[in-house]
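**Student:** when you get a sec, could you give me coordinates for this:
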Amino acid sequence: MPRGGTPVTTLDVIADKEELEDDLHKRLRKAKLKKEEIERVIDDVEDPRYVMLLTLKYVDNLSWDQVAEEMNYSYSRITKLHGLALDEVTLPAKYGGSPRKGIAGSEQAVDIDRQSEEL
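**Tutor:** Numbers count the residues shown, from 1 in each chain. Sure thing, here's the model as predicted:
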């Protein structure tokens, strides 16, 4: 029992545990939906090198060094390919995407990085 406070009961601990589990399950469902959405966007890219690069980075969440190693390219080549890959990406309208392809050098490219980090 904490000093000077209300005693914590087993029921309180169980209720807190259930609340945390519910929150975790909601977050996991949301993360799964985001991941599926990212995969759909990547699947629309035609060049298989770009698909692999984007998948390794944004689905598998590898570092740029790991992506370069996996694809047998230098780090600088991967960053150049990434820019080219982003030129082939079309984001959904809810993320500010438009019918034209390409997001390299825009705020949308930064948004993809943030979404990937959230997963």
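
**Student:** now the helices for the chain?
**Tutor:** Secondary structure of the chain (DSSP state H): helices at 10-43, 48-54, 64-71, 75-87, 107-118.

**Student:** now those as a markdown table including distance to Tyr95?
**Tutor:** To be clear about C-beta, it is placed using only N, CA and C from the backbone, and glycine gets the same treatment. As requested, the helices of the chain are arranged in a markdown table below (distance: least, CB to CB, whole Å):
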| stretch | distance to Tyr95 |
| --- | --- |
| helix 10-43 | 9 |
| helix 48-54 | 15 |
| helix 64-71 | 22 |
| helix 75-87 | 13 |
| helix 107-118 | 6 |
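
**Student:** just name the most buried of the ones you listed.
**Tutor:** For the helices of the chain, the largest average neighbour count (mean count of other CB atoms under 10 Å) is found in helix 48-54, namely a mean of 18.

**Student:** identify all contacting residues around it.
**Tutor:** Residues from elsewhere that reach helix 48-54 (CB atoms under 8 Å, 6 or more residues apart in numbering): Ile42, Asp43, Val45, Val67, Met71, Ile78, Leu81, His82, Leu84, Ala85, Glu88, Val89.

**Student:** same thing but at 10 Å, please
**Tutor:** 38-39, 41-45, 47, 60, 62, 64, 67-68, 70-71, 73, 78, 81-82, 84-89, 112, 116 (CB atoms under 10 Å, 6 or more residues apart in numbering).

**Student:** what about it, distance to the chain center?
**Tutor:** Here helix 48-54 is found 15 Å from its chain centre; the criterion is CA atoms, centre = their mean, to the nearest Å.

**Student:** for stretch 46-58, same thing?
**Tutor:** The chain centre lies 14 Å from the centre of stretch 46-58; the measure is CA atoms, centre = their mean.

**Student:** could you check how far Tyr75 is from Val67?
**Tutor:** Tyr75 sits at a distance of 9 Å from Val67 (criterion: CB to CB, to the nearest Å).
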